[in-house]
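[1] sequence and predicted structure are below.
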Amino acid sequence: ASILVLHGPNLNLLGEREPAVYGATTLSDINTRLEQLARSSGHHLLAMQSNAEYELIERVQQARPEGVDFIIINPAAFTHTSVALRDALAAVDIPFIEVHLSNVHAREAFRHHSYFSDLARGVICGLGAQGYEFALQAALSSLEPA
Ligand code: DQA
């Protein structure tokens with residue numbers, strides 16, 4: 001199967017950005033780990049980060065003709081603002097899991113609402129970088145036997 005991992009704005013700074021909130025693991029550490037896990041179970045995983053809303057939207061739109069089977073997305077700050085990215089995920093109708101490194105519910109009130117959670121297969125938050133691995137395990141078990 002083919003899995004797409006999308007990271008939203010400022011996640012390129014992981015490791016140096018507010019490490020007390022987001023941890024010391026870098027984005028490339030996360031992506032490398034996910035690629036290894038997917039490969040070791042015979043699947044293909046592609047990761048992309050962008051600070052631009054339209055680039056994430058275009059990537060989601062492309063996922064359908066490309067035959068992506070599952071999306072794992074941390075929309076970052078767009079979680080709380082982007083009707084457009086939500087609409088893109090609804091349009092392509094590819095199952096997705098929403099991931100947040102931090103426990104958004106234990107933070108400022110403006111982080112409590114997500115434009116994605118009601119469309120997501122599941123939501124993982126507060127478990128740091130490991131949350132992406134749990135999401136991948138869930139994605140793979142929902143796709144198998146591929
Ligand atoms: C985040 C939480 C968001 O509220 C924040 O804007 C982020 C990262 C997380 O992974 O914890 O950039 O999605």
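    In hand now; what should we look at?

[2] can you tell me the closest non-neighbouring residue to Gly8?
    Excluding the flanking residues, the one nearest Gly8 by Cβ to Cβ, 6 or more residues apart in numbering is Ala76, at 3.3 Å. Bear in mind the C-beta positions are built from the backbone N, C-alpha and C, glycine included.

[3] cool, and Arg111?
    Val104 is the one closest to Arg111 (Cβ to Cβ, 6+ apart), at 4.2 Å.

[4] the one you found: what's it in contact with?
    If you count contacts by Cβ atoms under 8 Å, 6 or more residues apart in numbering, Val104 has them with Thr79, Arg111, His112, Ser114, Cys125, Gly126.

[5] how much space separates the last one from the ligand?
    Meaning Gly126. Distance of Gly126 to the ligand, computed by Cβ to the nearest ligand atom, to the nearest Å: 8 Å.

[6] neighbours around that residue, how many?
    Residue neighbour count, defined by other Cβ atoms under 10 Å, stands at 13 for Gly126.

[7] surely it touches Asn103?
    Yes: assessed by Cβ atoms under 8 Å, Gly126 is found in contact with Asn103 at 3.0 Å.

[8] what's the distance between Leu45 and the ligand?
    19 Å.

[9] residues contacting the most centrally placed residue in the chain?
    Closest to where the C-alpha atoms of the chain average out (Cα atoms, centre = their mean) is Ile73, at 1.7 Å. Counting by Cβ under 8 Å, 6+ apart, Ile73 makes contact with Val5, Leu6, His7, Gly8, Leu89, Phe96, Ile97, Glu98, Val99, Phe116.

[10] show the contacting residues for the third one.
    In other words, His7. With Cβ under 8 Å, 6+ apart, His7 has these contacts: Leu27, Ala47, Met48, Gln49, Ser50, Ile73, Asn74, Ala76.
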